[in-house]
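In: Please work out how this folds:
(2 chains)
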There are 2 protein chains.
Amino acid sequence: MSTYDPTRTYTAAVIGAGSGGLTLAIGLAGFDHEVVLIEAAKVGGDCTNVGCVPSKALLHAASSGVEDPLAFARAKAQDLNETEAEEMDEHDQIHLVRGWARLTGRSEPHVVEVTAADGSVSEVRADNVIICAGSAPVSFPIDGLDPDMLVTNENVFELSSIPGRIVLIGGGAISLEMATAFCDMGSEVDIIELNDRLIGNDDPLVSETIQAALEARGIGVHTGTSIERFDGRTAHLEDGNTIGDVDKVLLAVGRKARFGDLGLDAAGVETSERGIVADTWGATSVDKIWAVGDVTGNTLTTHGANSIGRRTVRAIALPLPRIGSPRVRANAVYSRPQIASVGVSMDELNAMSPAGRRRYEIPIADIDRGYTDDVEHGVAMVDVERFTGKILRAAIVGPAAAEIIGIFTMAIDHDIGLRKMFGMVHPYPSYAQLVGRLADDFARDSYPVMHKEWLQMMRGRLTDRFRS
Amino acid sequence: MSTYDPTRTYTAAVIGAGSGGLTLAIGLAGFDHEVVLIEAAKVGGDCTNVGCVPSKALLHAASSGVEDPLAFARAKAQDLNETEAEEMDEHDQIHLVRGWARLTGRSEPHVVEVTAADGSVSEVRADNVIICAGSAPVSFPIDGLDPDMLVTNENVFELSSIPGRIVLIGGGAISLEMATAFCDMGSEVDIIELNDRLIGNDDPLVSETIQAALEARGIGVHTGTSIERFDGRTAHLEDGNTIGDVDKVLLAVGRKARFGDLGLDAAGVETSERGIVADTWGATSVDKIWAVGDVTGNTLTTHGANSIGRRTVRAIALPLPRIGSPRVRANAVYSRPQIASVGVSMDELNAMSPAGRRRYEIPIADIDRGYTDDVEHGVAMVDVERFTGKILRAAIVGPAAAEIIGIFTMAIDHDIGLRKMFGMVHPYPSYAQLVGRLADDFARDSYPVMHKEWLQMMRGRLTDRFRS
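Out: Next comes the predicted model:
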């Protein structure tokens, strides 16, 4: 393990060794910079230890007959954590420091105070400070709930046995993935979502389809309600229904940026309710203090932290102007069926002039592979500009959705609309043929009336320009 | 059912109602042309009845606990066949005629003779004849083999019970898919391939990886050998080994174009050993006689027949010059793991100057999702031009390979090299992240020495130009 020298000034002090922090540390070290990486908990952060990695391992194990799926998931998380920790320890240019970091407000160079587990305090000097402190699950008290019954993503994988019945509070990614896994393991599963639909920030057709798919497997979906109180093992819902014999309750209603104790005031770093205010390069209100990942609220995914983190590496390591927008980032939920979407948000889409766009939908059952594989609940949808077929937003609920969405991601990255995608050959019978079917539908509508489509597109563009 | 009028001249007589024929009939009808569709056997052709559809249904059923997977596969094929036949029957502009077609040599309009099952002969007059007669499995006698033990793709789905041991002759797509399905259903499976590796037209690393994956599941893979003779239920191989207790033998060593009895000589249509000679628009040596799909030997896939067939529709229906190359077509094998590849053939790749290109490989186990899902045997590889990273060829062995290959297909269609793909964001942890890893590896090699890479690329381009 390479130790750091408290008298020396490093290129960067990276606070947090999760997805963002590792991207920064490894990225800057790749440009021959010396980095101090400060982590109080586990290397790999939430993703490796209590997020993406154990959840995907659990989903795999639960659906493929592994004997103890929870133990499998724990082992996968632990092994990867150890590998990542070793890599950091052995890296010549990355100096891993264990402890809690706090900005002191002293700058040129910035000074970060690190409090180790034994209470000892040391200082790190660095030209740049990059805050990658992540997020924590949102929590709230539930009247009458035995604290032993409550879990979050931070300890659900530690369960020693499979609960007979688990109630998942929240209708987002964590909840849908855990619903899939626990259902596969034989638990009775109920999802409770305050909003009137699951995956509330996605297309309503996505919500409807995934709900039908989960219900078809016997998962209870209770939307537009919440738990009023627990009475022993019985949950009483606001809508008057009850769920009895509950063994565990997983609280997964969202994540909040973790920035309370970082000395941001001392350093003058601007924050908002969502987190540290940062631009798409990770730059904060203070020169050479950067923030990347969940702690900014700009992204809550590993690939988001990685993508923005790479821009921050470039901004620090290369003498290039900060021009260029971030690449578009898809969202994916690894439930069964999977859910993936890419493009503008639903709010942005709904704000656009309907005149200038068209929408296409295709049930997965109408794709030949959906037919051979008996996919009852699945759908793909795309909202496009008229005439060009430029992809505004695409969403898929179905097998391999998280893989197929990459075709739309590339289309957006390189401005390839459905017009240019028409004729693209997808292997028969792949699920990706949904892309071809959507392009065919667009061509059928669009080609015979091209001049009208062009006029409508221009009308839409003008409307959107003068509105904004 | 709309009957046809033998005195009338139609826009097209389409011979064969498989993937190619249906594309032509539906496509031309979509442009308001009247089409006579001639089919002696089943609507939907091999794909629907004895190919893609039942094989994918069998793979799904065998791996998901369906009670009688063979019955499931038969039902899926039959239902789709009936749906397609009904659609053709009910289509106002498509006149389905049952019988064997034969060109008469009379032209302007072309006259096709149709012999029905009852021996009655009728004539169809059409401005265009489009031959979509498909292909048949290559067959050869095996010394000592009980004919009752022999099946091909044409009757394997008709088996009334799951064989205790099945021997698959051939190491191509059909064989690997059936090996996967029969292994899942509990059969002992052996593959015998004369070539020294499976999937001999793909990258050797593909062959090696799929072989390891199959062997890990207990499938016997015997390459570089063949069956000398059968002695009862025992197969004696050329290499001296024997396989005992064989119940069924599936012959899947290739397909040959089906064009022997079509009156091609009378009409003067040029043929080769591979099939009817046709260009990428389906045009043959005779004006207004076209050939599409397996019968040409230019493609042996449904998506190939569909893609070329669409060009033929355009050539017939629209007064546009025949310019533009066909879109690149990926190949996919739906074994477990899946195999997919796209780009130039291995022969074309190997003929290119090595100076101008680079190769990157990544084991699927090195992708985080491969790690969580315990994918031991899987790999992705890409051969690219230096400097630009233009995709020459990409191949994947792994989960969802047939879906992810679409990203490379789009890259080739729109000339997006790894340089432009660098920075593209793939959802974490999707298998599609393999694309990002390959682009990262390219960037790591290429960016620090850009001018050298440019020189090397130019050297490669010049070498290739003066060689050809």
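In: mind checking the SS state of the residue in the stretch 151-300 of chain A that chain B sits nearest to?
Out: With C-beta to the nearest C-beta as the measure, residue A:299 is the residue of the stretch 151-300 of chain A nearest to chain B, at 10.1 Å. C-betas here are computed from N, CA, C, even on glycine. Of the three states, residue A:299 takes coil according to DSSP: H, G, I helix; E, B strand; the rest coil.
In: I figured it hits residue A:282, correct?
Out: No. Taking contacts as C-beta atoms under 8 Å, residue A:299 lies outside contact range of residue A:282: 10.7 Å.
In: between those two, what contacts are shared?
Out: Common contacts of residue A:299 and residue A:282 (C-beta atoms under 8 Å, 6 or more residues apart in numbering or on different chains): residue A:308.
In: So which residues of the stretch 351-468 of chain A form helices?
Out: A:368-372, A:401-413, A:418-421, A:433-446, A:450-467 (DSSP state H, counting those that start in this stretch).
In: brain fart, chain A
Out: Assigned by DSSP state H, chain A shows helices spanning A:19-30, A:45-50, A:52-63, A:69-90, A:173-184, A:204-216, A:264-267, A:302-317, A:346-351, A:368-372, A:401-413, A:418-421, A:433-446, A:450-467.
In: Export those helices as TSV, with columns for mean neighbour count.
Out: What follows is the helices of chain A, written out as TSV (neighbours: other C-beta atoms under 10 Å in any protein chain shown):
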stretch	mean neighbour count
helix A:19-30	26
helix A:45-50	26
helix A:52-63	25
helix A:69-90	18
helix A:173-184	25
helix A:204-216	19
helix A:264-267	17
helix A:302-317	24
helix A:346-351	12
helix A:368-372	23
helix A:401-413	27
helix A:418-421	22
helix A:433-446	21
helix A:450-467	14
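In: Select from those helices the stretch with the lowest mean pLDDT.
Out: Among the helices of chain A, helix A:450-467 carries the lowest mean pLDDT, at a mean of 84.
In: Compute the distance between residue A:65 and residue A:184, please.
Out: Using C-beta to C-beta, to the nearest Å, residue A:65 is found at 10 Å from residue A:184.
In: Near residue A:282, how many other residues are there?
Out: Neighbour count for residue A:282, taken as other C-beta atoms under 10 Å in any protein chain shown: 29.
In: one step back: got the helices of the stretch 351-468 of chain A as a markdown table, with distance to chain B columns?
Out: Compiled in a markdown table, the helices of the stretch 351-468 of chain A are given as follows (distance: least, C-beta to the nearest C-beta, whole Å):
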| stretch | distance to chain B |
| --- | --- |
| helix A:368-372 | 4 |
| helix A:401-413 | 4 |
| helix A:418-421 | 7 |
| helix A:433-446 | 7 |
| helix A:450-467 | 13 |
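In: which ones are touching residue A:177?
Out: Counting by C-beta under 8 Å, 6+ apart, residue A:177 makes contact with A:55, A:59, A:333, A:334, A:335.
In: my guess is the fourth one contacts residue A:403, does it?
Out: Looking back up the chat, that one is residue A:334. No. Between residue A:334 and residue A:403 there is no contact under C-beta under 8 Å: 11.0 Å.
In: Look up which residues are beta-bridged to residue A:250.
Out: On the basis of DSSP bridges, residue A:250 is bridged to residue A:151, residue A:168.
In: Near it, how many other residues are there?
Out: Number of residues near residue A:250 (other C-beta under 10 Å) recorded here: 26.
In: how close does it sit to residue A:215?
Out: Distance, residue A:250 to residue A:215, by C-beta to C-beta: 19 Å.
In: Spit out the contact partners of residue A:403.
Out: B:400, B:403, B:404, B:430, B:431, B:432.
In: Including distance to residue A:273, could those residues go into CSV?
Out: Formatted as CSV, these follow (distance: C-beta to C-beta, whole Å):
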residue, distance to residue A:273
B:400, 39
B:403, 39
B:404, 38
B:430, 31
B:431, 36
B:432, 34
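In: which of those sit farthest apart?
Out: Using C-beta to C-beta, these span at most 10.1 Å, a distance reached by B:403 and B:430.
In: need the strands for the stretch 101-250 of chain A, in chain order.
Out: A:110-115, A:121-131, A:135-137, A:150-151, A:165-169, A:188-193, A:220-223, A:227-231, A:234-237, A:242-243, A:248-251 (DSSP state E, counting those that start in this stretch).
In: Which residues of the stretch 201-350 of chain A lie near chain B?
Out: With C-beta under 8 Å from any C-beta of the partner chain as the criterion, the stretch 201-350 of chain A meets chain B at residues A:301-304, A:306-307, A:310, A:327-332, A:340.
In: let's go with 7 Å and repeat that
Out: Residues of the stretch 201-350 of chain A found near chain B (C-beta under 7 Å from any C-beta of the partner chain) are A:301, A:302, A:303, A:307, A:310, A:327, A:328, A:329, A:330, A:331, A:332, A:340.
In: Name the nearest residue to the fourth one, ignoring sequence neighbours.
Out: Residue nearest to residue A:307 in three dimensions, not counting chain neighbours: residue B:425, with 4.7 Å by C-beta to C-beta, 6 or more residues apart in numbering or on different chains.
In: correct me, but that neighbour touches residue A:327?
Out: Yes. With contact defined as C-beta atoms under 7 Å, residue B:425 reaches residue A:327; the gap is 4.9 Å.
In: These two: which has the busier surroundings?
Out: A direct count of neighbours by other C-beta under 10 Å for residue B:425 and residue A:327 places residue B:425 higher, at 23 against 16.
In: list the contacts for the more buried one?
Out: Neighbour list for residue B:425: A:303, A:307, A:327, A:328, A:329, A:409 [criterion: C-beta atoms under 7 Å, 6 or more residues apart in numbering or on different chains].
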